[in-house]
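Asks: here is my input; please provide its structure:
(one chain, ligands or ions: 1)
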Amino acid sequence: MSSLTPFNGTKIGSAPEALVRHIKDVGRPLTIRAGQMVVLHGARDRDIYYIERGSFEVALTARDGQVIIVCDLGPGEIFGDLAAIVEGPRSASVVATDVGKIFAISESEFFEAVAPRSELSFWFMRRLAHEITRLTEKVFELAALSARNRLHCELHRLCVGLPVADGKVIVAKPPTHETIAMRIGSQRETVSREMSKLSTQGIVQKQRQGLVVDLDRLSAQVAAELGRPLDV
Ligand SMILES: Nc1ncnc2c1ncn2[C@@H]1O[C@@H]2COP(=O)(O)O[C@H]2[C@H]1O
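Replies: Numbering: from 1, shown residues only. Purely as a prediction, here's the structure:
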């Protein structure tokens with residue numbers, strides 16, 4: 001899952017070694033092309049997937065066609081587990097944003113590995129708890145913050161884990177304004193307008209290396225808007 005914090009030197013979302021070995025032993029390798037939909041919102045299939053390479057978006061599409069990106073997934077993470085847990089339909093679509101390689105495993109093969117091993121069950125639980133916490137923050141932002149302030153929070157998240165020099169961070173491959181809009185439940189035009197304002201204020205600067213963000217100033221702004229520091 002996205003927005004990860006370290007756990008024993010690894011990310012919470014990254015599947016433990018023992019589980020990865022099992023998935024690779026019994027799973028089916030699949031080559032994925034950019035734009036391929038691996039999981040369809042509402043479908044009744046139940047396979048669970050491990051990402052070896054590539055990047056994926058978990059997304060929902062509104063009736064008017066607006067796409068809401070719930071989170072981004074990358075190598076080491078799994079997806080497609082929720083339908084199996086609740087024995088229901090797929091909770092969202094999962095679409096590749098790049099070429100990739102994944103392994104598919106049946107729900108029974110997955111849970112046969114996880115259920116008897118407490119360290120794997122605990123990892124699974126902890127990962128879900130982390131996601132609930134992340135979504136709680138998102139719900140708060142959607143209900144309590146303007147699109148402008150949500151953009152500031154999202155920009156702040158893009159900077160997490162990147163090296164800071166002189167209070168500044170370089171986001172090498174920043175998402176497009178359209179993608180940011182889909183993540184914060186807004187419109188591309190709004191994101192573009194607010195990015196221009198941030199640029200005028202010197203908080204972001206588009207440079208050859210990427211987007212340079214003045215993290216000190218952005219953090220202070222986000223903390224003022226939220227009334228507390230952003231817990232990413
Ligand atoms: N909020 C979320 N955070 C992370 N992953 C999610 C979220 N919602 C759905 N997914 C993933 O997207 C998958 C869609 O199919 P499933 O419901 O089987 O399982 C889901 C999860 O693996």
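
Asks: which parts of the chain sit against the ligand?
Replies: Applying Cβ under 6 Å from any ligand atom, one finds that the chain approaches the ligand through 1, 39, 58, 70-71, 79-83, 90-92, 94, 131, 135. Where C-beta positions appear, they are placed from N, C-alpha and C, glycine not excepted.

Asks: most neighbours among the residues you listed, which one?
Replies: When neighbours are taken as other Cβ atoms under 10 Å, the top entry among the residues of the chain next to the ligand is residue 94 (24 neighbours).

Asks: circling back to that earlier point, quick one: which of the residues of the chain next to the ligand is nearest residue 52?
Replies: residue 79 (12.7 Å; Cβ to Cβ).

Asks: run through the bridge partners of that closest one.
Replies: Taking DSSP bridges as the rule, residue 79 bridges to residue 49.

Asks: might one say that it is in contact with residue 94?
Replies: Yes. If you go by Cβ atoms under 8 Å, residue 79 and residue 94 touch, sitting 5.3 Å apart.

Asks: quick one: common contacting residues for these two?
Replies: 38-39, 49, 56, 58, 73 (Cβ atoms under 8 Å, 6 or more residues apart in numbering).

Asks: how about these in CSV, adding distance to residue 27?
Replies: Shown next, in CSV, are the shared contacts of residue 79 and residue 94 (distance: Cβ to Cβ, whole Å):
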residue, distance to residue 27
38, 13
39, 15
49, 8
56, 16
58, 20
73, 16
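
Asks: chain center to the longest helix anywhere in the chain, what's the gap?
Replies: Ranked by residue count, the top helix of the chain under DSSP state H comes out as helix 118-144. Centroid separation for helix 118-144 versus its chain: 12 Å, with Cα atoms, centre = their mean, to the nearest Å.

Asks: go through it and flag the buried ones.
Replies: Across helix 118-144, burial judged by 16 or more other Cβ atoms under 10 Å covers 120, 123-124, 127, 130-131, 134, 137-138, 141.

Asks: between the residues you listed, which sits nearest the ligand?
Replies: Comparing the buried residues of helix 118-144 against the ligand with Cβ to the nearest ligand atom picks out residue 131 as the nearest, at 4.8 Å.

Asks: for residue 106, see how far away residue 137 is.
Replies: 33 Å (Cβ to Cβ, to the nearest Å).

Asks: residues near residue 193, how many?
Replies: For residue 193, using other Cβ under 10 Å, the count is 14.

Asks: and it, its phi and psi?
Replies: Main-chain dihedrals, residue 193, degrees, to the nearest 10: phi -60, psi -50.

Asks: okay, it: pLDDT?
Replies: On pLDDT, residue 193 comes in at 98.

Asks: can you show me the strands along the protein?
Replies: With DSSP state E, the ranges of strands along the chain come out as 6-7, 10-11, 28-32, 37-39, 48-53, 56-61, 67-73, 78-79, 93-96, 100-105, 168-171, 204-207, 210-214.
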